[in-house]
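Trainee: Return a 3D structure for these sequence lines:
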Amino acid sequence: MDGADIAMQHREKPIAFAIFSPSRLKESLPLDVLSLHLLLEIKDKKVLQKDYVTLDGQPAIHTVLEGRVGGERVRIESYVVARAGLVYDIVYWASPVYFQEFRKDFQEVVKSFSFTEPVVGK
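Mentor: I've put the predicted structure just below:
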């Protein structure tokens, strides 16, 4: 969860949720390319689902995959949204055994997002 702007981790189970934002875009890149950086440290990746969705009317790429991080098996669900020159990564990950337990909660949080205009530095 290094570098996360917002992160929550279950006290007892290997389950976490994080939002990484905003990364400034240097150029207009497709969502597929923007989502690749989330997968760099994951070994033995197997994509289970990948589709294009909208979050608060903004195009997003939604991915569910399994792999290894630090030798441990994980299942990850992510949304990558590019808006107003910024990139937002919204990520839920858990041991495959616990993944479904809080997945619905994660999806409800994601559905509740409302993007506002970015605040420019003071």
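
Trainee: can you list contacts of the longest helix anywhere in the chain?
Mentor: What stands out as the longest helix in the chain, according to DSSP state H, is helix 99-111. Under the criterion Cβ atoms under 8 Å, 6 or more residues apart in numbering, residues His10, Lys13, Ile15, Phe17, Leu55, Arg75, Glu77, Tyr79, Ile90, Tyr92, Ala94 lie in contact with helix 99-111. In short, each C-beta sits where N, CA and C put it, glycine included.

Trainee: how far out from the middle of the chain is that helix?
Mentor: 12 Å (Cα atoms, centre = their mean, to the nearest Å).

Trainee: Restricting to C-alpha, output it in PDB.
Mentor: Taking Å, rounded to 0.1, in the frame of the first residue of the first chain, the C-alpha atoms of helix 99-111 are listed here in PDB:
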ATOM      1  CA  PHE A  99     -11.700 -12.400  -1.900                       C
ATOM      2  CA  GLN A 100     -15.500 -12.700  -2.200                       C
ATOM      3  CA  GLU A 101     -16.100 -11.900   1.500                       C
ATOM      4  CA  PHE A 102     -15.700  -8.100   1.000                       C
ATOM      5  CA  ARG A 103     -15.900  -7.800  -2.800                       C
ATOM      6  CA  LYS A 104     -19.500  -6.500  -2.700                       C
ATOM      7  CA  ASP A 105     -18.500  -3.800  -0.200                       C
ATOM      8  CA  PHE A 106     -15.700  -2.700  -2.400                       C
ATOM      9  CA  GLN A 107     -18.000  -2.600  -5.500                       C
ATOM     10  CA  GLU A 108     -20.500  -0.500  -3.500                       C
ATOM     11  CA  VAL A 109     -17.800   2.000  -2.500                       C
ATOM     12  CA  VAL A 110     -16.600   2.300  -6.100                       C
ATOM     13  CA  LYS A 111     -20.200   2.900  -7.400                       C
END
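
Trainee: what is the rounded mean pLDDT of that helix?
Mentor: Averaged across helix 99-111, pLDDT comes to 91.
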